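**Q** Kindly return the folded structure for what I paste below:
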Amino acid sequence: IPTNIVFSAVLLIFLFQGKDLGAITTSVTVIDENGEQIERSIPKSEFRKNIVLFPFENNTGQEENDWLRHAIPVMTQFDIHQDIFINAISTYELVTKINDAGFQAEDPIPLTLKKKITGEHHMDFFSSGVIEDTEGEIAVTVSLYDQRTTKLISENTFSGTEVLRLVDDITVQLKQDLKIPRQHIETTEDLPVSEIMTTSIPALQYFFRGRNAIAMEDDWLKGIELIEKSVQEDNTFAFGYVYLYTYSLFSNQGQKVAQAFEPLMKHLYKLPERTQFGVKHDYYSMIKQDRAMAFEVAKNWAELYPDDLNAHYVLALLYMVRNQTEEAIAEYQTMLRLNPTQSDLLLEIGGLYKEHGDFELASDYYKQYLEKFPNSLNAYLELGDLNMVTGNYEKAKSYYDEARLIEPNDLNILLSLANIDTELGNFQEAIDKYNEALASFTSPEDRNEIYENLEEYYLLLGQIRKSIEYMELSFTEYEKYAPALMIIDKKSASLG
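**A** The predicted structure is shown next:
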């Protein structure tokens, strides 16, 4: 059992002696991938602290210090994640919401927007910072705010020439300001951030410049090249390998993914435990191709870190792969409880209930989403599709009509309405809609889809010659854009 967990358990007993410890913690026992039993007393969610670490402002007047704007809060996040009492998100997880509000991550962000974004992430506190140059030293001022009241809780300045040591000091101060018990801070193992990251400043600079290139500039090639340079500077830089394999995976560079894992697994011990779980899951899933072991790792991850959204998301996907729909739904519901602002999960849960054949519950979740977003095209389409499956054609038509008001130039909506007319016996109305589609949509992909629908339409009416005519027209359009093997497959399928 890791030392910091033992210390945490001892501290809780000391602090709450005479009180109901069960009201504060929950006991968890898991078997790890090596067959060893792990027993822990984990603080319940209401006793954890949640904080958003926003990008800092560089007021040094020196562009070479720009990398610190994101490096300091992100390294603080990594440092904080050694402590099971605190959950933090930072810079790169905020870029989309910052951009959606009309700002760039490099811009000064208004306090009111920070409050809004923190609330949307269902977090309780947020911090901001300013970096200044004072007589050759870096001075970092960190401000901590309460999300609900926007009240300034604390403001502290840290000065020095060693960035990594400043991060250590910031982390300890934030724990104190978040009212984490002093005895816990003093007795819990807290490695210097240089131990979980790297002591090499050039490696850190390459690493954060690489992440910035991907997150801010959408330049994946540049980003991956810079992160590769970071692990060349320090070949034990575990976090560097984590992002090297992650970004290589998303950019379809499979060889680099495999190459990154070998040194990463050798230096896995440098990562905070919750990060290790994610890495081990990917290692067993992608490199070892041991799905059973990957599943066990994900289960342990979610049990030992019950507030970790990533853990529950990975576990939900694995349950879906295993066709354990009810268990996948439970994980999505847990995520929704942890962060009610993740409204898209309502559509995901609705979709799973639909696949499971529970159409009433599927409809309930789609309607919940529609209540939150009354102009949602996806919600109307999902409700239309659901009612098509259940044979409620009039209801389906009403939902597709609403969807068409939102997006009048959507081919799939028009075809769905034509298909409903066919099912209801409104054959002339169906043909009118198919003709409207042919007049409005001219790309080979679109016309292939229209002809396929007409093929089915005439087959349903028993007009075989007409059906074959449209099948041949469909092949003609398909051959204009599809690869040869797919064309052969399509023709073979048509022959039965």
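**Q** So what's the residue count around Asp218?
**A** 9 (other C-beta atoms under 10 Å). In this view, the C-beta of every residue, glycine as well, is placed from N, C-alpha and C.
**Q** What are the phi and psi values at it?
**A** Per-residue torsions, Asp218: phi 60, psi 30 (degrees, to the nearest 10).
**Q** again, but for Phe125
**A** Backbone torsions of Phe125, given as degrees, to the nearest 10, read phi -140, psi 160.
**Q** Give the closest residue to it in space, chain neighbours not counted.
**A** Nearest residue to Phe125, sequence neighbours excluded (C-beta to C-beta, 6 or more residues apart in numbering): Ile51, at 4.4 Å.
**Q** What helix or strand is the one you found located in?
**A** Element membership of Ile51 [criterion: DSSP states H and E] is strand 49-53.
**Q** Okay, now the sheet partners of the next helix or strand after that strand, with direction.
**A** With elements assigned by DSSP H and E, the helix or strand that comes after strand 49-53 is strand 57-58. Sheet pairing here is set by DSSP bridges, and for strand 57-58 it gives strand 125-134 (parallel).
**Q** rewinding a little: so the residue nearest to Phe125 sits right up against His122, yeah?
**A** No: taking contacts as C-beta atoms under 8 Å, Ile51 lies outside contact range of His122: 11.9 Å.
**Q** Neighbour count: the two, which is higher?
**A** More crowded of Ile51 and His122, by other C-beta under 10 Å: Ile51, with 24 against 15.
**Q** Low-confidence stretches in the stretch 1-150 of the chain?
**A** Applying pLDDT under 70 to the stretch 1-150 of the chain picks out residues 1-28, 30, 32-34, 37-47.
**Q** Run through the strands of it in chain order.
**A** 25-31, 37-43, 49-53, 57-58, 86-90, 125-134, 137-146 (DSSP state E, counting those that start in this stretch).
**Q** Most tightly packed of those?
**A** Ranked by mean neighbour count under mean count of other C-beta atoms under 10 Å, the strands of the stretch 1-150 of the chain are led by strand 49-53, which reaches a mean of 24.
**Q** Check the offset of that one from the chain's centre.
**A** Averaged C-alpha coordinates place strand 49-53 at 17 Å from its chain's average position (C-alpha atoms, centre = their mean, to the nearest Å).
**Q** Ok, stretch 462-478 next?
**A** For stretch 462-478, the separation from the chain centroid amounts to 43 Å (computed by C-alpha atoms, centre = their mean).
**Q** neighbouring contacts of that stretch?
**A** Residues outside stretch 462-478 that contact it (C-beta atoms under 8 Å, 6 or more residues apart in numbering): 444-445, 447-448, 451-452, 454-459, 486-487, 490-491, 494.
**Q** buried set for that stretch?
**A** Ser467, Tyr470, Met471, Leu473, Ser474, Phe475, Glu477, Tyr478 (16 or more other C-beta atoms under 10 Å).
**Q** What strand or helix carries the fourth one?
**A** Spelled out, that is Leu473. helix 464-478.
**Q** Using PDB, write down the CA coordinates of that helix.
**A** Extracted in PDB, the C-alpha atoms of helix 464-478 (Å, rounded to 0.1, in the frame of the first residue of the first chain):
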ATOM      1  CA  ILE A 464     -39.000  -5.000 -59.100                       C
ATOM      2  CA  ARG A 465     -37.800  -3.500 -62.500                       C
ATOM      3  CA  LYS A 466     -38.000   0.000 -61.000                       C
ATOM      4  CA  SER A 467     -36.100  -1.200 -57.900                       C
ATOM      5  CA  ILE A 468     -33.300  -2.700 -60.100                       C
ATOM      6  CA  GLU A 469     -33.100   0.500 -62.100                       C
ATOM      7  CA  TYR A 470     -32.400   2.600 -59.000                       C
ATOM      8  CA  MET A 471     -30.000   0.000 -57.700                       C
ATOM      9  CA  GLU A 472     -28.000   0.400 -60.900                       C
ATOM     10  CA  LEU A 473     -28.100   4.200 -60.600                       C
ATOM     11  CA  SER A 474     -26.900   3.800 -57.000                       C
ATOM     12  CA  PHE A 475     -23.900   1.700 -58.200                       C
ATOM     13  CA  THR A 476     -23.000   4.400 -60.900                       C
ATOM     14  CA  GLU A 477     -22.900   7.100 -58.200                       C
ATOM     15  CA  TYR A 478     -21.000   4.900 -55.700                       C
END
